[in-house]
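Novice: sequence isn't available, so here's the structure alone:
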């Protein structure tokens with residue numbers, strides 16, 4: 001029995017030794033990856049901050065004269081054109097007075113014509129003519145005053161825009177100065193933000209900005225700087241900047257919060273790589289660099305070494321590499337998660353989509 005156990009143990013030991021030897025000689029097949037040559041691009045510095053949208057033109061229309069509202073000629077939230085009559089306050093008394101004033105004006109003009117004819121015949125004195133002329137001017141002034149009073153009881157849209165929610169209805173009594181309806185124009189719309197005083201000399205009204213809003217995740221809105229305050233705030237040491245953004249769909253609303261990024265300064269040469277090739281870790285970010293060499297039999301092989309890198313700012317699908325990679329080195333852009341230092345790789349010509357500074361997501 002002891003002999004049998006000894007023989008079986010020896011056989012098993014031989015099998016284990018053979019398995020270990022076979023495993024030691026096992027070569028993992030090359031991993032399929034895509035690569036790119038590290039190259040330089042002209043990048044400007046980027047500054048990011050936050051701000052808010054404000055209407056290019058906005059006002060809360062109010063009553064200029066007290067009176068009872070007799071007509072509301074718009075719907076809350078409707079678009080209106082400049083000159084549209086929005087609200088009418090009762091002006092029946094003024095309109096009646098206007099009729100009387102117009103009649104007196106017509107009579108005064110007729111009287112003036114008669115006096116002029118008589119003056120031409122030397123039938124009246126110069127003072128009579130002057131009195132007639134003065135009477136016409138006096139009544140004309142009265143007519144203009146009554147018309148102005150009627151206009152002051154008519155609330156008109158001063159510019160194209162969208163009306164807000166009205167605060168009054170027909171038969172309501174409006175006092176002078178009481179708010180009636182807000183009116184705002186949305187296209188284009190302003191975006192106000194502040195930057196530190198160090199950036200003030202580098203800003204220009206030719207610079208463009210990119211704005212992202214929480215209400216529209218995954219989207220960005222482009223605008224252009226159109227105004228820069230001429231003074232620095234003495235408390236915050238910042239300068240206020242205003243950008244103008246197209247808003248034809250009226251998606252962006254006054255008061256909406258947003259994040260803005262803008263490029264400034266002269267372009268600088270920057271080494272860039274697709275961010276998909278970076279392995280991010282708490283101990284340090286790294287990339288895999290491909291090394292081409294020959295094996296013992298003289299065959300071409302491709303292996304990778306892991307390289308710790310120092311990264312800069314990111315733009316779209318690309319990231320700036322400050323240290324760790326040299327221009328022209330071949331870096332893995334996809335499939336890095338399968339690799340470890342010394343792994344053999346099979347470089348694919350197609351696979352990962354091209355990296356872009358302005359990537360877009362298409363609906364599927």
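Specialist: Looks like it arrived, so ask away. These numbers come from a predicted model, not from an experiment.
Novice: domain ranges for the protein, per the record?
Specialist: 30-43+269-347, 46-56+183-267, 64-87+155-177, 91-152 (automatic domain parsing).
Novice: let's have these in TSV, adding mean pLDDT and mean neighbour count.
Specialist: For every residue, glycine as well, the C-beta is placed using N, CA and C. Below are the domains of the chain laid out as TSV (pLDDT from 0 to 100; neighbours: other C-beta atoms under 10 Å):
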stretch	mean pLDDT	mean neighbour count
domain 30-43+269-347	86	16
domain 46-56+183-267	89	16
domain 64-87+155-177	88	15
domain 91-152	85	14
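Novice: what's the longest helix in the protein?
Specialist: helix 92-120 (DSSP state H).
Novice: now for that one, which elements pack on it?
Specialist: Applying 3 or more C-beta pairs under 8 Å, 6 or more residues apart in numbering; DSSP states H and E, we find helix 92-120 packed against helix 126-152.
Novice: after the helix it packs on comes which helix or strand?
Specialist: Downstream of helix 126-152, the first helix or strand assigned by DSSP states H and E is strand 154-156.
Novice: and that following strand, what does it pack onto?
Specialist: strand 85-89.
Novice: so what strands line up beside the strand it packs on?
Specialist: strand 67-72 (antiparallel), strand 154-156 (antiparallel) (DSSP bridges).
Novice: is residue 191 in contact with residue 49, as I believe?
Specialist: No: applying C-beta atoms under 8 Å as the test, residue 191 and residue 49 come out as separate, 11.0 Å apart.
Novice: name the residues contacting each of these two.
Specialist: residue 260 (C-beta atoms under 8 Å, 6 or more residues apart in numbering).
Novice: specify the angle between the lengthiest strand in the chain and strand 85-89 in degrees.
Specialist: Identified as the longest strand of the chain according to DSSP state E is strand 39-62. Per axes from the mean of the first three to the mean of the last three C-alpha atoms, to 10 degrees, the angle that strand 39-62 makes with strand 85-89 is 20 degrees.
Novice: parallel or antiparallel, list what pairs with strand 39-62.
Specialist: By DSSP bridges, strand 39-62 pairs with strand 179-196 (antiparallel), strand 257-274 (antiparallel).
Novice: residue 332 is nearest to which of those strands?
Specialist: strand 257-274 (9.9 Å; C-beta to C-beta).
Novice: elements contacting the very next helix or strand once past the closest one?
Specialist: Per DSSP H and E, the first helix or strand lying C-terminal to strand 257-274 is strand 286-294. Packing partners of strand 286-294 (3+ C-beta pairs under 8 Å, 6+ apart): strand 300-308, strand 330-334.
Novice: residue 146 is nearest to which of the ones you listed?
Specialist: strand 330-334 (79.2 Å).
Novice: if we can go back for a sec, what about the longest helix of the chain, distance to the chain center?
Specialist: Its chain's average C-alpha position is 59 Å from that of helix 92-120, according to C-alpha atoms, centre = their mean, to the nearest Å.
Novice: any idea how far the spatially closest residue to residue 326 that is not a sequence neighbour is from residue 240?
Specialist: Among residues not flanking residue 326 along the chain, residue 38 sits closest, at 6.9 Å (C-beta to C-beta, 6 or more residues apart in numbering). Computed with C-beta to C-beta, to the nearest Å, the distance linking residue 38 and residue 240 is 40 Å.
Novice: what of residue 344?
Specialist: 58 Å.
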